[in-house]
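Q: Quick one, fold the following:
(one chain, ligands or ions: 1)
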Amino acid sequence: MIKFEHVSKQYERNGVTTQALNDINLTISKGDIYGIIGYSGAGKSTLVRLINFLEKPTQGNVIIQNKVLNQLSSTELRQTRQKIGMIFQHFNLLESKTVFENIAIPLILIKKDKHSIKQKVYELLEFVGLSDKANSYPKELSGGQKQRIGIARALANDPDILLCDEATSALDPQTTQAILDLIKKINEKYKITVVLITHEMHVIEQICHKVAVMEKGKIIEQGNVLEVFGQPKHQTTQNFVSSVINNQIPNGVVENLLEIEGKKDNIKLFKLEFLGRSASEPVMNSLILQQKVIVNILFAHMSEIEKTVLGSMFVQLKGNDSNIKQSVHYLRERGVQVTEIKHWEMSKNGNI
Ligand SMILES: Nc1ncnc2c1ncn2[C@@H]1O[C@H](COP(=O)(O)OP(=O)(O)OP(=O)(O)O)[C@@H](O)[C@H]1O
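A: Model (predicted):
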């Protein structure tokens, strides 16, 4: 439904060329909630602006519903754009207009009659839970309420695609959660494809099915959220993962470990990574019961992506070499990724 084929975009300003996008290939299927994550300047906004053709690609094709955007007449382009709604970080509401008027704008632009405008606006207000605010002005609303109005306006033309440009970045965590829930409801109820750009991993983790990680105008990893974040390959992806899953042993624990290391040669330290099934099964419990090792859990962190638990744990295994080896084998057989952490790896930076 949305396809980028070898898309590049350069901006020219005052004789300076910026390569904002570099050979982007991306397919977003109908009904997806597709997250684009990257740090500032990665090219996310440019990518999203190409979808509604606010920007044109320098090379390559952007294809929406099998239509190549740069081959459309201006009428066709306008019609395609009408089916794409957008919400913004700072809501972009007209302060001098009431909530009703703000939501009505896209309908007035396509010359809908007054009766159907009124009907649609009230239907949308009810959907976003703000029926009582029709005559309020944006300045009388909280950030979360403003974003709900932004969402209602974006839905006025019954779009096929909803673009969300850092839509929750200006909101507190609780309001963010409520807006993400609403976006999810829109996707489920109206089958609208959602493209969401963000620099916050928890946003992706909570509602996206698929993700593309961007850096310096390129997509460095893409796929199912669970696959990309379950086994991140690129350093930037790993950094995003560690922003929600604490992958490091706290310094206090490391200090203790360094003190006892060397004194006890029958203790080994391991990092265990759980993905999916292994996280929901009592693997550690059976390890303790069935293997001849003493297990000391030092630190653990779990997170949930798409109803699948993802997590890591640092454990010490105490026993003879053969029993420890057997325990590692036992864990690996049950889908746990096991990495031994050596003494020198901890002491390098005071942490792993
Ligand atoms: N209109 C423009 N003219 C010139 N350069 C631009 C323009 N828009 C973006 N750029 C440059 O293109 C690169 C990508 O910018 P873009 O806004 O797409 O990134 P981003 O990932 O959305 O960043 P942010 O999260 O900070 O908005 C940056 O180097 C930026 O300075």
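
Q: okay, now the residue in the stretch 251-352 of the chain that the ligand sits nearest to: neighbour count?
A: As assessed by C-beta to the nearest ligand atom, the ligand sits closest to residue 305 within the stretch 251-352 of the chain, at 22.4 Å. For the C-beta atoms, the positions are set from N, CA and C on the backbone; glycine is no exception. Using other C-beta atoms under 10 Å, residue 305 has 25 other residues around it.

Q: what does the chain have sitting close to the ligand?
A: 11, 13, 18, 20, 38, 40-46, 199 (C-beta under 6 Å from any ligand atom).

Q: Could you dump those residues into JSON lines with secondary structure, neighbour count and pLDDT added?
A: As requested, these are exported to JSON lines (DSSP: H, G, I helix; E, B strand; the rest coil; neighbours: other C-beta atoms under 10 Å; pLDDT from 0 to 100):
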{"residue": "11", "secondary structure": "strand", "neighbour count": "13", "pLDDT": "96"}
{"residue": "13", "secondary structure": "strand", "neighbour count": "7", "pLDDT": "90"}
{"residue": "18", "secondary structure": "strand", "neighbour count": "13", "pLDDT": "95"}
{"residue": "20", "secondary structure": "strand", "neighbour count": "22", "pLDDT": "97"}
{"residue": "38", "secondary structure": "strand", "neighbour count": "24", "pLDDT": "95"}
{"residue": "40", "secondary structure": "coil", "neighbour count": "7", "pLDDT": "93"}
{"residue": "41", "secondary structure": "coil", "neighbour count": "14", "pLDDT": "94"}
{"residue": "42", "secondary structure": "coil", "neighbour count": "24", "pLDDT": "96"}
{"residue": "43", "secondary structure": "coil", "neighbour count": "24", "pLDDT": "96"}
{"residue": "44", "secondary structure": "helix", "neighbour count": "24", "pLDDT": "96"}
{"residue": "45", "secondary structure": "helix", "neighbour count": "19", "pLDDT": "94"}
{"residue": "46", "secondary structure": "helix", "neighbour count": "22", "pLDDT": "96"}
{"residue": "199", "secondary structure": "coil", "neighbour count": "17", "pLDDT": "93"}
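
Q: Past the helix or strand that contains residue 316, which element shows up next along the chain?
A: For residue 316, the host element (DSSP states H and E) is strand 308-318. With elements assigned by DSSP H and E, the helix or strand that comes after strand 308-318 is helix 321-333.

Q: buried sites along that next one?
A: By neighbour count on 16 or more other C-beta atoms under 10 Å, the buried set for helix 321-333 is 323, 324, 327, 328, 330, 331.

Q: Who are the contact partners of the residue of the stretch 151-300 of the chain found nearest the ligand?
A: Across the stretch 151-300 of the chain, no residue is closer to the ligand than residue 199, which sits at 5.8 Å (C-beta to the nearest ligand atom). Residues in contact with residue 199 (C-beta atoms under 8 Å, 6 or more residues apart in numbering) are 37, 38, 39, 40, 44, 166, 169.

Q: just curious, which of these is nearest to residue 92?
A: Nearest to residue 92 out of the contacts of residue 199 is residue 166 (C-beta to C-beta; 12.0 Å).

Q: Quick one: the strands in the chain, in order.
A: Remark: strands assigned in the chain by DSSP state E are 2-13, 16-28, 33-38, 59-64, 67-68, 84-88, 161-165, 193-198, 210-215, 218-224, 267-275, 294-305, 308-318, 337-341.

Q: Return the distance of the fifth one from the chain's centre.
A: Between the centre of strand 67-68 and the centre of its chain there are 27 Å (C-alpha atoms, centre = their mean, to the nearest Å).

Q: How about residues contacting it?
A: With contacts defined as C-beta under 8 Å, 6+ apart, strand 67-68 is touched by 61, 62, 76, 80.

Q: Report the beta-bridge partners for the first one.
A: Under the criterion DSSP bridges, residue 61 forms beta bridges with residue 5.

Q: Am I right that it is in contact with residue 5?
A: Yes: Residue 61 is in contact with residue 5 according to C-beta atoms under 8 Å; the separation is 4.6 Å.

Q: Residue 240: which of the strands of the chain is closest?
A: Nearest of the strands of the chain (C-beta to C-beta): strand 33-38, 6.1 Å.

Q: Just want the angle from that closest one to strand 218-224.
A: Strand 33-38 runs at 150 degrees relative to strand 218-224, counting by axes from the mean of the first three to the mean of the last three C-alpha atoms, to 10 degrees.

Q: oh, and call the first residue 46 from now on, that's how I've got it
A: Yep, numbering from 46; the last one is strand 78-83 now.

Q: List the strands paired with strand 78-83, with their directions.
A: By DSSP bridges, strand 78-83 pairs with strand 238-243 (parallel), strand 255-260 (parallel).
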